[in-house]
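A.B. asks: Got a predicted model here, sequence first, then my questions.
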Amino acid sequence: MQVFTTRSSAPEIMDDLNYAGRLMDRTLLELEIINRFLGGNAVTIGALQKLTAGNPGKDLSIADLGCGRADMLRLIYKWSVQNNRRVLLTGIDANPYIINAARENLTEFPEVELSSMNIFSEEFRQREFDVVIGTLFYHHFTNAELIQFFSHLKTRTKIGFIINDIHRHPLAYYSIKLLTILFSRSSMVQYDAPLSVLRAFRKSEIIHILKQSGLSRFEVKWRWAFRWQVIARTDVL
């Protein structure tokens, strides 16, 4: 019997930053498919549109944390063309193998910067962006780590940051468990996907983390399928 009242601290296979090889390739591909067909990508793009609406003519520097194979970076570039926005894109992932996979997936976008970097490193702390995005990324960290990180992020983002992550709910857990058993060919996806739900958030937990980080201008909305769309504003009024 699974417990949904508190966040799980059990590690995912994906948390091993040295993990590499064909299973990782298959896993990254399947995660892209899940994100696409369950509407997860639209949650991030919709938040980006709303967050930047007040800066229509501004060039945007955007970082995608936990960028995977850069599927979201490609979508943001498409969004920028459709909206006549100039963007400077950076993909960040702590796993060098994943960054190499992203580079192979972005051969037609050589201007996109890709960096293997830990978000808690001094190297990252020196970076500054207009917008930072994390899609299915933040549930990998503890509440204390997130409070520390968001406290820093609010001083290094000129407009704000976006969270697109999972709603911890029994229906989400058992649905993704069944879907991965039926359709996934990756043992990592079959293990990590249900665990991701257990490591994810209730709305009250997200609000607590943001407030403890010193943030007051944010909105948290539920989106299909079992996603939280969070827009946190850090620009000066």
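C.D. replies: Right, received. Where do you want to start? None of these values were measured; they are calculated from a predicted model.

A.B. asks: isn't Ile76 right next to Ala47, touching?
C.D. replies: No. In this structure, Ile76 is not within contact of Ala47 by CB atoms under 8 Å, at 11.3 Å. Every C-beta, even on glycine, is put in place using the N, C-alpha and C of the backbone.

A.B. asks: outside of the helix or strand hosting Ile34, which residues touch it?
C.D. replies: Per DSSP states H and E, Ile34 falls inside helix 22-37. Helix 22-37 is contacted by residues 14, 40-41, 68-69, 71, 97-98, 101, 135-136, 179, 184-189, 192-193 when judged by CB atoms under 8 Å, 6 or more residues apart in numbering.

A.B. asks: Spit out the contact partners of the spatially most central residue of the chain.
C.D. replies: In the chain, the residue lying closest to the centroid (CA atoms, centre = their mean) is Thr135, at 1.9 Å. Residues in contact with Thr135 (CB under 8 Å, 6+ apart) are Asn35, Gly40, Asn41, Val43, Thr44, Asp64, Gly66, Met72, Asn164, Asp165.

A.B. asks: Apart from its chain neighbours, what residue comes closest to it?
C.D. replies: Asn164 (4.4 Å; CB to CB, 6 or more residues apart in numbering).

A.B. asks: can you pull the buried residues of the helix or strand containing the one you found?
C.D. replies: Per DSSP H and E, Asn164 falls inside strand 157-166. By 16 or more other CB atoms under 10 Å, the buried positions in strand 157-166 come out as Thr157, Ile159, Gly160, Phe161, Ile162, Ile163, Asn164, Asp165, Ile166.

A.B. asks: do stretch 10-19 as well
C.D. replies: Using 16+ other CB under 10 Å as the test for burial, stretch 10-19 gives Glu12, Ile13, Met14.

A.B. asks: And stretch 54-72, by the same measure?
C.D. replies: Those would be 60-72, for stretch 54-72 by 16+ other CB under 10 Å.

A.B. asks: Columns secondary structure, pLDDT and distance to Glu145 on top of those, output as CSV?
C.D. replies: Converted to CSV, the buried residues of stretch 54-72 look like this (DSSP: H, G, I helix; E, B strand; the rest coil; pLDDT from 0 to 100; distance: CB to CB, whole Å):
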residue, secondary structure, pLDDT, distance to Glu145
Leu60, strand, 97, 27
Ser61, strand, 98, 24
Ile62, strand, 98, 23
Ala63, strand, 98, 18
Asp64, strand, 98, 19
Leu65, strand, 98, 13
Gly66, coil, 97, 14
Cys67, coil, 97, 19
Gly68, coil, 95, 20
Arg69, coil, 95, 25
Ala70, coil, 96, 24
Asp71, helix, 95, 25
Met72, helix, 96, 22
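
A.B. asks: between these, which is nearest His208?
C.D. replies: Leu65 (20.9 Å; CB to CB).

A.B. asks: hmm, back to that, identify the residues contacting the residue nearest to Thr135.
C.D. replies: Applying CB under 8 Å, 6+ apart, the residues near Asn164 are Gly40, Val43, Thr44, Ala47, Ile133, Gly134, Thr135, Leu136, Arg227, Trp228, Gln229, Val230.

A.B. asks: try it again with 10 Å
C.D. replies: With contact taken as CB atoms under 10 Å, 6 or more residues apart in numbering, Asn164 is in contact with 35, 40-48, 72, 133-138, 223, 227-230.
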